[in-house]
Structure formats: structure tokens, C-alpha cells
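**Student:** model the following, please.
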Amino acid sequence: MQADPPQHSKRALLAILSLFPLALIGFAFAVDSPQQIASGLLQILTSRDTLITDYIGLGGIGGAFINAGLLTLIAIGFYYRSGAQIGGSAVAALFLVLGFALFGKSLLNVWFVIAGVWLFARYKGEPFAKHINTAFFGAALAPIFTEILFSSALPLHLSLPLAVTTSLLLGFVLAPAAAHLSCAHMGYTLYNIGFVAGIIGSLIVAVYKSYGFVPEPVFIWTSGNNWLLGWMFGGLFAATALGGWLLDRQALHKQLLLLRQAGQAPSDFVALFGIGATLVNMSLTGVIGIAYVLAVGGDLNGPTLGAILTIVGFSAYGKHPKNIAPIMLGVFLGAMLKDWNAHDASPVLAALFGTTLAPIAGRFGWRWGIVAGFVHSSVAQSVGHLHGGLVLYNNGFAAGLVAAILVPVILALRAPPDDPAKTP
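**Tutor:** Residues are numbered from 1 along each chain as shown. This next block holds a predicted model:
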């Protein structure tokens with residue numbers, strides 16, 4: 001029988017999570033001067049954030065890492081002050097803040113979407129803590145704020161209130177929409193808010209396009225930092241594994257038990273196995289993410305590191321090496337058998353973010369995981385035009401569509417011949 005995992009206070013868990021943004025802040029000052037960091041951060045805050053905008057290309061490593069570190073520390077402060085429960089979902093939300101603050105979420109653009117979720121909580125008479133994960137996951141829609149503010153031909157006295165109002169509205173509808181749309185994929189994609197944000201963002205963009213507001217495409221993608229960033233994050237994940245083992249000397253044994261989990265949402269590994277074993281799992285998947293990018297000849301930069309940190313965060317809430325590997329293999333095969341290169345930006349991101357479909361491999365086996373990854377490699381290339389790059393979780397949107405269609409097919413094919421559900 002599995003022993004109860006060691007319990008840690010909310011304060012202790014948040015302190016552990018704070019070490020990750022602090023590591024990025026420390027690294028920022030190690031590679032860039034304060035003047036370069038300040039200049040880079042200002043550039044990030046005053047630019048559009050449409051996919052794909054690599055903040056390392058905009059503001060340098062220092063500016064990007066400071067943006068990510070500070071924004072995540074502020075988010076941790078919100079979790080602490082709200083009294084929210086700190087489990088696997090909260091860990092995933094905070095790591096999405098950390099990762100996407102390298103290519104889309106800034107210290108400027110996230111707050112009105114979050115405020116919209118807070119307004120919904122007030123309207124329902126519920127504590128913000130109940131919806132805080134939705135709020136920080138929902139910052140996927142943050143680029144809409146800066147797109148309206150900085151790209152519109154409207155003067156500032158009109159574009160600012162329009163950006164604020166739109167963002168508040170988006171945040172307000174996120175929570176009720178997320179509660180209902182999760183039924184569509186039955187927890188077989190872990191990025192439920194990505195699916196929801198993709199639908200909501202596509203609706204908003206369609207409305208704005210009908211008035212002539214068409215987002216201009218952006219592609220800022222840096223290369224040449226693989227050695228520096230590879231060693232930095234490799235060292236960070238090694239320290240994460242060591243820290244997990246020091247917190248729980250049974251962490252390696254529990255990792256073997258964790259690998260048996262299907263990962264279908266909700267799968268809170270912190271509650272099931274404790275923070276020590278969860279940190280070990282997070283470190284392993286992080287190393288796998290780095291290894292994949294380097295093995296296919298891709299680039300370590302803001303978007304790919306953001307994707308790797310997303311894998312790491314959701315390794316507290318459903319992902320582990322056994323259920324992400326088939327998805328990545330499926331996307332890789334898709335890139336090989338289609339008119340793309342595995343090292344191109346979109347296929348690399350699809351392989352990393354596509355691991356949101358890990359529960360399909362975990363529940364139905366590695367063969368279906370490969371199929372899911374193969375299909376996702378195509379869908380992820382096709383949905384971006386619907387939201388004009390203004391939804392950061394493009395792969396989450398695509399994966400929701402894949403899971404919503406593929407899982408019912410799998411269930412139908414796996415049903416026994418005498419299953420009454422198959423009788424007309």
C-alpha cells in the first residue's frame with residue numbers, strides 16, 4: 001500500500017516554487033548588465049505580443065528572464081494572499097506564467113484578463129481563490145490587450161479603454177466557459193483553458209476582423225543560445241531532482257508508482273505523491289524536453305523554453321516521461337512524413353506543447369499516443385489563423401480539438417462487440 005506523501009505547508013510549497021523565478025532573475029543579472037536589462041524590459045512592455053514573439057529577441061536574455069521571474073513572483077504573491085490551495089493545478093498555472101512570460105505574457109498585459117476573472121468571482125459571490133488558476137491560465141489571452149493598445153489606428157484615449165474593456169470581458173467569461181467546455185475532451189487534454197481560450201479568442205478576433213481590425217503576423221525567433229541556455233536549464237533541472245530527493249528520500253520509488261498514472265485530468269501528483277516525488281518527475285520531463293529540442297536540431301529560446309517549462313509545470317498535474325514520449329514521437333513522425341522539418345519552429349513547439357495529449361497515451365497506450373501526436377502535428381499548423389496569433393495557447397486549442405474527436409473514436413473502437421452502448 002502506498003504511504004501518504006509528506007505534507008508541506010502552503011507557505012513552504014510557495015517558497016519552493018519561488019526558487020524557479022529567482023533562478024531566472026539571478027541568471028539574468030549574470031548575463032546582462034542592469035542597463036541592458038532595463039532597456040530590454042521596456043522594449044518587451046511596449047511591444048505587441050502576438051505569436052510568435054520571442055522576448056529574448058526583443059529584450060535580450062536579461063530582459064526576458066526578468067520579465068518572467070518578476071511576473072511569476074507576483075503571481076505567487078497572489079496565490080499566497082488569496083489563500084488558494086497549492087496543488088498540482090496551481091503548480092502548472094505558475095509554471096505557465098513563468099514559461100509564457102518568455103514569449104507573450106508581460107508585466108503589462110496580463111492584469112485585465114485576471115481582473116475579469118476576479119470580477120466574475122465577485123459577481124458569483126465566490127472567493128477569488130476558487131478561480132485563481134483559471135485567472136492565471138487565462139492570461140493566454142493577454143496579447144489581445146497589447147494588440148489593441150499598440151496596433152490599433154485609434155488614438156490612445158480610445159484604444160486604452162477598448163483594450164481594457166475587451167480584456168475584462170474575456171476574463172469574465174473564461175470561468176463559466178471552462179467549466180462547460182471541459183466535457184468536450186473529457187480531461188484527455190490537460191490544457192483545458194487553452195482549448196477554451198482558443199474558442200473565445202477566435203470569436204473575439206472574428207468580431208474585430210469584421211470591423212477591419214486584422215492582426216499583423218509576427219515572427220521573432222532567436223537562435224545561437226543553445227549552449228548557454230542548455231547548461232542553465234540542465235543545471236536547474238538537476239538541482240530540482242536533487243531537491244526533490246532531499247525533501248523525500250522515497251521520491252525515486254514513488255516516481256515508479258507515478259509512471260503508472262494515466263494522467264487524465266484531474267491528476268494532482270502533489271496530492272498523490274508529495275512535492276518531493278513531483279519535483280523529481282518535473283526534472284525528468286524538463287530534461288526530456290531539452291533533449292528533444294537539441295536532438296532534432298532546434299533552438300532553445302523564449303518559445304521553446306516556455307514550452308519546456310509548461311511540460312515541467314504540468315508534470316505536477318498529469319505528465320510524466322512515459323505518457324509524453326509517445327506524443328512527441330507522433331509529432332516527430334508527422335514532421336518527417338509531411339512537408340516540414342522537425343527542427344522548424346512550429347513542429348518543435350507542437351512536439352513540446354502537444355504533450356498536453358499525454359493522457360491519451362497514458363489511458364489507451366503508446367500506439368494511440370503516437371496517433372494523437374501525429375494528428376496534432378497537422379492540426380496545430382492550421383488553427384492559428386482563427387485567432388490571429390492572439391491566443392498564446394495555440395497548441396492547447398488544437399489539442400482540445402484533437403482530443404474531442406479522437407477520444408470518442410478510440411472509445412468506440414475499443415468497446416467490446418456486445419457493448420449495449422453500440423446497439424442502435
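**Student:** just the CA atoms of stretch 78-88, as PDB, please.
**Tutor:** C-alpha atoms of stretch 78-88 as PDB (Å, rounded to 0.1, in the frame of the first residue of the first chain):
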ATOM      1  CA  PHE A  78      -1.500  36.400  -5.400                       C
ATOM      2  CA  TYR A  79      -1.700  32.800  -4.500                       C
ATOM      3  CA  TYR A  80      -0.400  33.400  -1.100                       C
ATOM      4  CA  ARG A  81      -2.700  36.300  -0.300                       C
ATOM      5  CA  SER A  82      -5.800  34.700  -1.800                       C
ATOM      6  CA  GLY A  83      -5.500  31.600   0.400                       C
ATOM      7  CA  ALA A  84      -5.700  29.400  -2.600                       C
ATOM      8  CA  GLN A  85      -4.900  25.700  -2.300                       C
ATOM      9  CA  ILE A  86      -1.500  24.800  -3.700                       C
ATOM     10  CA  GLY A  87      -1.600  21.600  -5.600                       C
ATOM     11  CA  GLY A  88      -0.700  20.300  -9.000                       C
END
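**Student:** show me what it is in contact with.
**Tutor:** 10-11, 13-14, 17, 90, 94, 127-129, 132-133, 136, 266-271, 278, 316-318 (CB atoms under 8 Å, 6 or more residues apart in numbering). For every residue, glycine as well, the C-beta is placed using N, CA and C.
**Student:** likewise stretch 166-173?
**Tutor:** In contact with stretch 166-173 (CB under 8 Å, 6+ apart) are residues 112-120, 123, 135, 138, 141-142, 144-145, 148, 200-201, 204.
**Student:** filter those residues to the buried ones?
**Tutor:** Among the contacts of stretch 166-173, the ones that count as buried by 16 or more other CB atoms under 10 Å are 112-118, 120, 135, 138, 141-142, 144-145, 148, 200-201, 204.
**Student:** picking up where we left off before, among the contacts of stretch 78-88, the buried ones, what's the PyMOL command?
**Tutor:** Typed into PyMOL, the line below selects the buried ones among the contacts of stretch 78-88, using 16+ other CB under 10 Å:
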select buried, resi 13+14+17+90+94+128+132+133+136+267+268+269+270+271+278+316+317+318
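**Student:** what about the contacts of stretch 78-88, which are in helices?
**Tutor:** 10-11, 13-14, 17, 90, 94, 132-133, 136, 269-271, 278 (DSSP state H).
**Student:** how distant is stretch 178-185 from the center of its chain?
**Tutor:** 18 Å (CA atoms, centre = their mean, to the nearest Å).
**Student:** sorry, wrong one. I was asking about stretch 227-237.
**Tutor:** 20 Å.
**Student:** which of the residues in it are buried?
**Tutor:** Leu229, Met232, Phe233, Gly234, Leu236, Phe237.
**Student:** skipping adjacent residues, who's closest to Tyr123 in space?
**Tutor:** Phe172 (7.8 Å; CB to CB, 6 or more residues apart in numbering).
**Student:** that neighbour: neighbour count?
**Tutor:** A count of neighbours around Phe172, defined by other CB atoms under 10 Å, yields 19.
**Student:** how about Gln36?
**Tutor:** Gln36: 16 neighbours (other CB under 10 Å).
**Student:** before we move on, back to that, helix or strand for the residue nearest to Tyr123, which one?
**Tutor:** Remark: Phe172 resides in helix 156-185, with elements defined by DSSP states H and E.
**Student:** give the rounded mean pLDDT of that helix.
**Tutor:** Averaging pLDDT along helix 156-185 yields 88.
**Student:** over to stretch 211-224?
**Tutor:** Stretch 211-224 comes out at a mean pLDDT of 86.
**Student:** what's the answer for stretch 307-320, then?
**Tutor:** Per-residue scores along stretch 307-320 average to 97.
**Student:** doesn't Asp299 lie inside a helix?
**Tutor:** No: per DSSP: H, G, I helix; E, B strand; the rest coil, Asp299 lies outside any helix segment and is coil.
**Student:** so who does it touch?
**Tutor:** Counted by CB under 8 Å, 6+ apart, Asp299 has contacts Trp221, Thr222, Ser223, Gly224, Asn225, Asn226, Val293, Ala345, Val348.
**Student:** and for Leu236?
**Tutor:** Contacts of Leu236 by CB under 8 Å, 6+ apart are Phe20, Ala23, Gly286.
**Student:** okay, buried residues for the helix or strand hosting Ile275 please.
**Tutor:** Per DSSP H and E: Ile275 is located in helix 269-295. For helix 269-295, the neighbour count (16+ other CB under 10 Å) marks 269-290, 292-294 as buried.
**Student:** what do you get for stretch 255-268?
**Tutor:** Gln255, Leu258, Gln261, Ala262, Gly263, Gln264, Ala265, Ser267, Asp268.
**Student:** dump those into TSV; add pLDDT as well.
**Tutor:** Compiled in TSV, the buried residues of stretch 255-268 are given as follows (pLDDT from 0 to 100):
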residue	pLDDT
Gln255	95
Leu258	97
Gln261	96
Ala262	95
Gly263	95
Gln264	93
Ala265	87
Ser267	93
Asp268	96
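**Student:** hang on, Cys86 in a helix?
**Tutor:** Residue 86: Ile, not Cys. No: under three-state DSSP, Ile86 sits outside any helix and is assigned coil.
**Student:** what's around it, how many residues?
**Tutor:** 22.
**Student:** quick one: low-confidence parts of this protein?
**Tutor:** 1-8, 152, 415-424 (pLDDT under 70).
**Student:** show me where the stretch 251-400 of the chain has its helices.
**Tutor:** Remark: helices assigned in the stretch 251-400 of the chain by DSSP state H, counting those that start in this stretch are 251-258, 269-295, 302-314, 321-337, 345-353, 358-364, 366-382, 384-387, 394-414.
**Student:** same check on the stretch 101-250 of the chain?
**Tutor:** So, for the stretch 101-250 of the chain - with DSSP H, counting those that start in this stretch - the helices run 111-124, 132-137, 143-151, 156-185, 192-210, 226-247.
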